[in-house]
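K.L.:
From the sequence below, what's the structure:
(3 chains)
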Amino acid sequence: MAVDVTTPVFEGPFDLLLHLILKEQVDIYEVHLANIVDAYLTEIERMQSLDLELATEFLLIAATLVELKARRLLPGREDVDLDEELALWEERDLLLARLLECTTFKDVGRVFAALADDADRCYARACGPDERFAELMPDLLEGVKPRHVHAAYLRATAPKPEPKVDLFHVGVIKANVSDALAELVDELPRVRRITFRRLTADLVDRLEIIVRFLALLELYKQGFIELEQGQKFGDIDIVWIADQTGVSVGAIAIDDYEG
Amino acid sequence: MSTQVDAEVVRALEAILLVATEPVPVDLLAQILEKPTKVVEQLCSSLAAAYEEAGHGFQLVQIAGGYRYQTHPEMAPYVERFILDGQKSRLSGAALETLAIVAYKQPISRSQIASIRGVDPDGVLRTLQSRGYIDQVGRDPGPGQAVMWGTTPAFLEKLGINSVNDLPAIVDFVPGADVVEALEQGLRAPKASDIEAPAPPEA
Amino acid sequence: MSTQVDAEVVRALEAILLVATEPVPVDLLAQILEKPTKVVEQLCSSLAAAYEEAGHGFQLVQIAGGYRYQTHPEMAPYVERFILDGQKSRLSGAALETLAIVAYKQPISRSQIASIRGVDPDGVLRTLQSRGYIDQVGRDPGPGQAVMWGTTPAFLEKLGINSVNDLPAIVDFVPGADVVEALEQGLRAPKASDIEAPAPPEA
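P.N.:
This is a model prediction of the structure:
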């Protein structure tokens, strides 16, 4: 459950690359290679023993980038092996194709968010027939015995088998302020105004809600957002007031709350 | 008060009454709409008359201390046919689990249920309430005053027990064999046979 | 068909839809009303238009393969004041992207999703399934028999659309020439002649 909210700053290699190439408007060769490799290594560490196939893929992409960049740094190399060159271009085309697919679905995701935000403003009638029709209503508990209720309770409260290796890193909840910031600067300019309750409705872990709150305070401190609370214990309204929509996380200096 | 303003208040009235699952007292409507009770009372009763006049298949009626939408008595045969033909007749697994949580942990708030089940329980709670298996049994005295849920006498009756104490006791949980296996499975590195070839990228 | 008869059918429609707890397919309405599906479809859509025209606080909408009553979006502030506990859950960016992939490529396996997103999708898939937005729709007939995922009616309701066919065409999202070029540019291995002095290495 907690998984999709502990989003790392970049959701994997494509995301990172897209960010570097498109949002930062730089070409890949002007970016610190070390940063890319670091980010990859972090990703790989995060996914440790989780999915070899994916980890391998990270490495392949990283290697391609290293190779591409190495060429830029070695101008005028004459002794290029043609086969090697072609293989590299093939790899590059593949990477380009996948980046395009990834960016396509990122855009669709934004449209989905807009559709869902609109749909969320409508509340369906779900009252059902009134008591005049009670006798006609099929009895949903037909055949249900106390032991079934007992079994259902056990099912509901049993620790969920999570095919995650988090058990090995006992107690480490992967939520930190910079991750939360990254999500917020992507999301808030889009929605403009939202209540804190709604913003965190998705989160189950208390720590994640707290981290989200700290990230908001950070944004507030730096003048990106306005916070309003009408009454004690009332909803906190969050309003994005910064002009820039493309605020980069790196631009926001944050206090280190971790550890 | 201008007609313009009234029209907006009437729209809000319609929206609130549409989602209400039980009759809404005029006082509460007045409070939400920030209008005098008398005005809201007046608007409700004209709205009810307007519906009747227009010949809708639904009515707005004053009942049990509040207003609610209900079907027009003349439409009862259609409603009955719909209930008999069109309604699901089994509780989903998710609904039964939620019902079980309410039964064992009552009184319990929506957010407590959400944190046990890990998902938003609103839809399921509505279904269970509309079937009369659970009901609101009070409010949390703490900040936020969350609605607390509990099971109804009808629930006990359907299960053939006298009190929730007659449900099988919950002992300290020991994971079943299937859960243990699933947990183990999750920790195991994937077998080669589990891994598919990645899909060819599409441009 | 006379207007008289139509009026009666419309009243019945209103009554049935008022008691329904999920969108009612036109087929089912037609069967209960004993009218041709086409006629019922037509009546539903005129009824929806009539409500909108009259400026009611509720709407009749076609969603997830059926018709349902819902509150008008403009009334959301009032409704939210009324249902204090009714906050709807929102989806993270990762969940939305994954949902987008499943919606357009269904049926699709976990590893196909992974290869598009470049990250392990298990956690997100679990969340989406527990919310009821996606479900297992079968197994890949190929070796490994991977579980295949697809979207559910709850997904359609969440997005407020009637069917996946109502989703915008995927070609509309394929990045424009400028983006493709920027990506191309970013990944281009330079020809020797293009190269000026290399950027100074940064610390």
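K.L.:
From B:Pro107, how far off is B:Val137?
P.N.:
B:Val137 sits 5 Å away from B:Pro107 when distances are taken as C-beta to C-beta, to the nearest Å. (C-beta placed from N, C-alpha, C; glycine too.)
K.L.:
gap between A:Arg197 and B:Asp122?
P.N.:
A:Arg197 sits 14 Å away from B:Asp122 when distances are taken as C-beta to C-beta.
K.L.:
Which of these two has more residues huddled nearby?
P.N.:
Ranked by neighbour count (other C-beta atoms under 10 Å in any protein chain shown), A:Arg197 and B:Asp122 place B:Asp122 first, with 18 against 14.
K.L.:
From B:Gln112, how far out is that one?
P.N.:
As it turns out, when the distance is counted by C-beta to C-beta, B:Asp122 lies 14 Å from B:Gln112.
K.L.:
Likewise for B:Val39?
P.N.:
Following C-beta to C-beta, the distance that separates B:Val39 from B:Gln112 is 38 Å.
K.L.:
show me where chain A has helices.
P.N.:
Residue ranges of the helices in chain A, as given by DSSP state H, are A:12-18, A:33-46, A:52-73, A:82-119, A:146-157, A:177-191, A:196-199, A:206-221.
K.L.:
swap that for chain B, please
P.N.:
Using DSSP H, the helices found in chain B span residues B:3-19, B:26-33, B:37-54, B:76-86, B:93-105, B:110-117, B:122-130, B:153-159, B:177-187.
K.L.:
mean confidence score for the second one?
P.N.:
Within the predicted structure, the mean pLDDT of helix B:26-33 is 94.
K.L.:
Which positions within that helix qualify as buried?
P.N.:
For helix B:26-33, the buried set under the neighbour-count rule, 16 or more other C-beta atoms under 10 Å in any protein chain shown, comprises B:Val26, B:Leu28, B:Leu29, B:Ala30, B:Ile32, B:Leu33.
K.L.:
Could I get the contacting residues of the fifth one?
P.N.:
Shown here is B:Ile32, whose contacts under the criterion C-beta atoms under 8 Å, 6 or more residues apart in numbering or on different chains are B:Ala12, B:Ile16, C:Tyr78, C:Arg81, C:Phe82.
K.L.:
Kindly give a single ChimeraX line that selects the buried subset of these.
P.N.:
Isolation of the buried members of the contacts of B:Ile32 (16+ other C-beta under 10 Å) is achieved in ChimeraX through the command below:
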select /B:12,16 /C:78,82
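K.L.:
C:Asp178: which of the contacts of B:Ile32 is nearest?
P.N.:
Nearest to C:Asp178 out of these is C:Tyr78 (C-beta to C-beta; 43.7 Å).
K.L.:
thinking again about what came up before, may I see the contacts of B:Ile32 arranged in TSV, with pLDDT and distance to chain A as well?
P.N.:
Supplementary listing: the contacts of B:Ile32 in TSV, determined by pLDDT from 0 to 100; distance: C-beta to the nearest C-beta, whole Å:
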residue	pLDDT	distance to chain A
B:Ala12	97	13
B:Ile16	96	10
C:Tyr78	93	10
C:Arg81	89	10
C:Phe82	89	9
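K.L.:
Now do the contacts for the residue lying closest to B:Thr98 once chain neighbours are set aside.
P.N.:
Counting by C-beta to C-beta, 6 or more residues apart in numbering or on different chains, B:Thr98 lies nearest to B:Val124, which is 4.6 Å off, once chain neighbours are set aside. Residues near B:Val124 by C-beta under 8 Å, 6+ apart: B:Ser92, B:Ala94, B:Ala95, B:Thr98.
K.L.:
Appreciated, that's everything.
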